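Undergrad: The amino acid sequence is not available; the structure is as follows:
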């Protein structure tokens, strides 16, 4: 088997695991329902609390990432927690090597985060009049890399907390310090996009975002072997 | 025929301060059936899980070798078929889907003919499109056997293989063991006399409990 064939097989195995998870999700609706409910509830609460008040565009942009952060906390732990709760973790151990499992779960969370963020941004644009983005390219670029970072961090944190007893509480507690640098950079970039700053002028923040993604991805693959055993 | 050997070196496991077994040193080779025996809670399943690579030992090493070449832990799953009461398949999928997914995730061709023949052998073909959550415990036990055998592994670890099975089911399991052991290495973890009667050598897990802890318990 050539090196290229080996790599293709590795990708196919991860994709097969992703397919299994996606089919399972469509049948159980565990994460999708939790995410959809959370998005609707948080956006409604924000809308009701604002009422007739006029809030600034920057504040609306900030609230967008608050909704995204807490929505991610409500559904993205599913990747590993559901396997642990159903007792199927051992089955996965017997099926594939750790890196394949992490890749499969990461693919699932990436898809979920992109669907979730797409839905939130659409709802937000429709419901909040003060949410006016002047530079959509910058905002979408930030959302693209930011969503990837959220997916990677959420997946590795889900793997860490899946074996703990208080999973629900531990997830946001552990996620907060890990996601804080990402959320702060995203807040900054959203402010820039609202104020109409160009992509060229936002290079530093974009570079920080990409570095965060690369560092988290590398650290997650290195760490997962140790988390997965036992 | 490939040769498979398994070496347990100073294998020790404890959960917190509770010692399960200490310093197990032994070798297993293919073409034989070996048994892990002991009373309930003695550590048979723990030892089986450590050998299967799904649990780490507190001390010591498990060395798997195929054709005198050591298998790295990342590749171990390709060579192991494991049946255990702790093994749970996906309830939201049918038997056929479970097997198709397991083959795809292993990177093997999801051969429907192969799946059909396995389901036929285990009398599950007629129920192949039923969700696993509707299966009885005996049927779930049979699907676990297919899950363990479908990728043709060289090391088969059966933990309580005949639990939940009626006489006919037990006979089917004994037939599989009889067919497979000539080329493979089979380990049975059980306290059923009929299971252990098949084994060439039986390792009594309780014999490896440190004496001091026993005395301490009695006090």
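TA: Looks like it came in fine. Fair warning: this is a prediction, and the values are worked out from it, not measured in the lab.

Undergrad: which residue is nearest the centroid of chain B?
TA: Centrality entry for chain B: nearest residue to the mean C-alpha point is residue B:157, 2.4 Å, by C-alpha atoms, centre = their mean.

Undergrad: Secondary structure of that one: a strand, I assume?
TA: Yes: using DSSP: H, G, I helix; E, B strand; the rest coil, the secondary structure at residue B:157 is a strand.

Undergrad: wait, residue A:217 sits on residue A:155?
TA: No: Residue A:217 is not in contact with residue A:155 according to C-beta atoms under 8 Å; the separation is 9.8 Å. (Glycine included, C-beta is placed from N, CA and C.)

Undergrad: quick one: which of those two has more around it?
TA: residue A:155 (26 against 18; other C-beta atoms under 10 Å in any protein chain shown).

Undergrad: host element of that one?
TA: Per DSSP states H and E, residue A:155 falls inside helix A:136-161.

Undergrad: what is the orientation angle of the helix or strand just after that helix with helix A:136-161?
TA: Counting by DSSP H and E, the next helix or strand C-terminal to helix A:136-161 is helix A:167-195. Interaxial angle, helix A:167-195 versus helix A:136-161 (axes from the mean of the first three to the mean of the last three C-alpha atoms, to 10 degrees): 170 degrees.

Undergrad: for helix A:167-195, packing partners?
TA: Judged by 3 or more C-beta pairs under 8 Å, 6 or more residues apart in numbering or on different chains; DSSP states H and E, the packing partners of helix A:167-195 are helix A:57-75, helix A:136-161, helix A:203-228.

Undergrad: Who are the contact partners of residue B:21?
TA: Contacts for residue B:21 (C-beta atoms under 8 Å, 6 or more residues apart in numbering or on different chains) come out as B:11, B:12, B:13, B:43, B:46, B:47, B:205, B:208, B:209.

Undergrad: Spatially, what comes nearest to it if we skip its sequence neighbours?
TA: Closest residue in space to residue B:21, ignoring its immediate chain neighbours: residue B:208 at 4.0 Å, by C-beta to C-beta, 6 or more residues apart in numbering or on different chains.

Undergrad: From residue B:137, how far out is the residue nearest to the centre of chain B?
TA: Distance, residue B:157 to residue B:137, by C-beta to C-beta, to the nearest Å: 20 Å.

Undergrad: Would you tell me what the next helix or strand after the least confident helix or strand in chain A by mean pLDDT is?
TA: The weakest-scoring helix or strand in chain A, judged by mean pLDDT, DSSP states H and E, is helix A:3-28 (a mean of 80). Once helix A:3-28 ends, the next helix or strand along the chain (criterion: DSSP H and E) is helix A:30-50.

Undergrad: Residue A:133 should be in a helix, yeah?
TA: No: with three-state DSSP as the criterion, residue A:133 is coil rather than part of a helix.

Undergrad: Quick check on it: phi, psi?
TA: phi -90, psi 120 (degrees, to the nearest 10).

Undergrad: on that earlier part again, would you mind giving the helices and strands packed on helix A:167-195 as TSV with distance to chain B and mean pLDDT added?
TA: Below are those laid out as TSV (distance: least, C-beta to the nearest C-beta, whole Å; pLDDT from 0 to 100):
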stretch	distance to chain B	mean pLDDT
helix A:57-75	17	89
helix A:136-161	16	95
helix A:203-228	8	95
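
Undergrad: can you redo those helices as TSV with distance to residue A:101?
TA: Output for the helices and strands packed on helix A:167-195, formatted as TSV (distance: least, C-beta to C-beta, whole Å):
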stretch	distance to residue A:101
helix A:57-75	19
helix A:136-161	9
helix A:203-228	7
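
Undergrad: Out of the ones you listed, which is the most enclosed?
TA: Neighbour counts (mean count of other C-beta atoms under 10 Å in any protein chain shown) averaged over each of the helices and strands packed on helix A:167-195 peak at helix A:136-161, with a mean of 22.

Undergrad: got the angle for that helix vs helix A:57-75?
TA: Inter-element angle recorded for helix A:136-161 and helix A:57-75: 30 degrees (by the same axes, to 10 degrees).

Undergrad: Contacts for stretch A:32-44, please.
TA: Here stretch A:32-44 has contacts from A:25, A:66-67, A:70-71, A:74-75, A:78, A:112, A:116, A:119-120, A:123-124, A:127, using C-beta under 8 Å, 6+ apart.

Undergrad: Who are the contact partners of the residue nearest to residue B:166 when sequence neighbours are not counted?
TA: Distances taken as C-beta to C-beta, 6+ apart place residue B:138 nearest to residue B:166, at 6.5 Å, with adjacent residues excluded. Residue B:138 makes contact with B:164, B:165, B:166, B:169, according to C-beta under 8 Å, 6+ apart.

Undergrad: Narrow these to those in helices?
TA: Members of the contacts of residue B:138 lying in helices (criterion: DSSP state H): residue B:169.

Undergrad: hmm, which helix or strand of chain B has the shakiest average pLDDT?
TA: When the helices and strands of chain B are scored by mean pLDDT, DSSP H and E, helix B:211-218 comes last with a mean of 38.

Undergrad: buried sites along stretch B:146-162?
TA: Buried residues in stretch B:146-162, defined by neighbour count with 16 or more other C-beta atoms under 10 Å in any protein chain shown: B:146-151, B:153-162.

Undergrad: try stretch B:135-145
TA: Result for stretch B:135-145 [16+ other C-beta under 10 Å]: buried residues B:135, B:139, B:140, B:141, B:142, B:143, B:144, B:145.

Undergrad: sorry, back to before: nearest to residue A:86 among the helices and strands packed on helix A:167-195 would be which one?
TA: Checking those against residue A:86 by C-beta to C-beta gives helix A:136-161 as the closest, at 14.5 Å.

Undergrad: Report the distance from that closest one to the chain centre.
TA: Distance of helix A:136-161 from the chain centroid (C-alpha atoms, centre = their mean, to the nearest Å) equals 4 Å.

Undergrad: Measure how it sits relative to helix A:203-228, angle-wise.
TA: With the same axes, to 10 degrees as the basis, helix A:136-161 and helix A:203-228 are set at 20 degrees to each other.

Undergrad: Turn the contacts of residue B:21 into TSV, including secondary structure and distance to residue A:92.
TA: Formatted as TSV, the contacts of residue B:21 follow (DSSP: H, G, I helix; E, B strand; the rest coil; distance: C-beta to C-beta, whole Å):
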residue	secondary structure	distance to residue A:92
B:11	strand	24
B:12	strand	26
B:13	strand	22
B:43	coil	24
B:46	helix	19
B:47	helix	21
B:205	helix	26
B:208	helix	30
B:209	coil	31
